[in-house]
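Participant: My questions are about this predicted structure, shown below with the sequence.
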Amino acid sequence: MPITGDVYREIGRSAAGAVSVVATFDAERRHVAALTVSSFVTLSFDPPLVMFAIQHGGASFRPMVEAREFGVSLLTAAQRHLAERFATRGSERRDVGDFEQGQTLPVPLLAGSLAQMECRTHQLVMSGDHAIVVGLVENARTQPGEPLLYFARRYGSFKPL
Ligand SMILES: Cc1cc2nc3c(=O)[nH]c(=O)nc-3n(C[C@H](O)[C@H](O)[C@H](O)COP(=O)(O)O)c2cc1C
C-alpha cells in the first residue's frame, strides 16, 4: 500500500541530520547560489566523493545542477544563523561577501565551518523530485567544533549518550 504524504513527511522529520551549506559562483563570480541542506553525505573514500540532494523548483536548482564545481561547508552549532539564512528564499543570500573562495577551486565557502570541501561535479542523477549531485573532493579542511544538527524541524547540537 502506498504511504501517505503525512507519513512520508513524518519520516523526514524523524531523521536527524547534520546541516551544511552548498554553494556555487556564477560565471562572473559576482553572485552565489547557495542553500542549506541536510542531505549531504560522504559517499566514497577512493575516490573521495560526497553527495547531496536538491529539490526541483528552487532558485538554486539550476545553478547548482549546472555548476562544474561547488563548495560544501559543514556547519557548527554557532552557525545556525547561516543555516537559517540559506534556507530562506531571497536575494540577500546571494551576496558574495558572505563567502571566502576555495584554495584549489573557485567555490564559495563559509569561514568557521567544521569542514570546507572544494568539489568538482562528478555525477548528476535525476531522482524523483530531486537531483543527486555527486562531487569529487579536490581540497578540504576541517577544524574542531560542535556540529549543527536538525531534527523535528528544530536546530540542536550533539549530546553524547
Ligand atoms: C535544515 C534544512 C535542511 C534542508 N535540506 C535540504 C536538502 O537537502 N535539499 C534541498 O533541496 N533543500 C533542503 N532544504 C530547503 C532549502 O534550504 C530551501 O528550500 C532553500 O530556500 C532553497 O533555496 P533556493 O530557493 O535558492 O533554491 C533544507 C532546509 C533546512 C532548514
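Facilitator: Arrived safely. Residues are numbered from 1 along each chain as shown.

Participant: so what does the helix or strand containing Val50 touch, helix or strand wise?
Facilitator: Here Val50, judged by DSSP states H and E, is contained in strand 49-55. Strand 49-55 is packed against strand 20-25, strand 32-37, strand 41-44, helix 61-66, strand 115-127, strand 130-142, with contacts defined by 3 or more Cβ pairs under 8 Å, 6 or more residues apart in numbering; DSSP states H and E. C-beta: built from backbone N, CA, C; applies to glycine.

Participant: Now find how far off-centre that strand is within its chain.
Facilitator: From the chain centre to the centre of strand 49-55 is a distance of 8 Å (Cα atoms, centre = their mean, to the nearest Å).

Participant: Begin at 59 from now on, thanks
Facilitator: Got it, the first residue is 59 from now on, which makes the last one we talked about strand 107-113.

Participant: So what does Ser171 look like in phi/psi?
Facilitator: When read as degrees, to the nearest 10, the backbone of Ser171 gives phi -80, psi 160.

Participant: contacting residues around the residue nearest to it when sequence neighbours are not counted?
Facilitator: Leaving aside its sequence neighbours, Ser171 sits nearest to Ser131 (Cβ to Cβ, 6 or more residues apart in numbering; 4.0 Å). For Ser131, the contact set (Cβ atoms under 8 Å, 6 or more residues apart in numbering) comprises 78-79, 81, 167-168, 171, 173-175.

Participant: Include neighbour count and pLDDT when you put those into CSV, please.
Facilitator: Output for the contacts of Ser131, formatted as CSV (neighbours: other Cβ atoms under 10 Å; pLDDT from 0 to 100):
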residue, neighbour count, pLDDT
Ser78, 29, 98
Val79, 28, 97
Ala81, 27, 97
Leu167, 23, 98
Leu168, 22, 97
Ser171, 23, 98
Ala173, 22, 98
Gln174, 22, 98
Met175, 28, 98
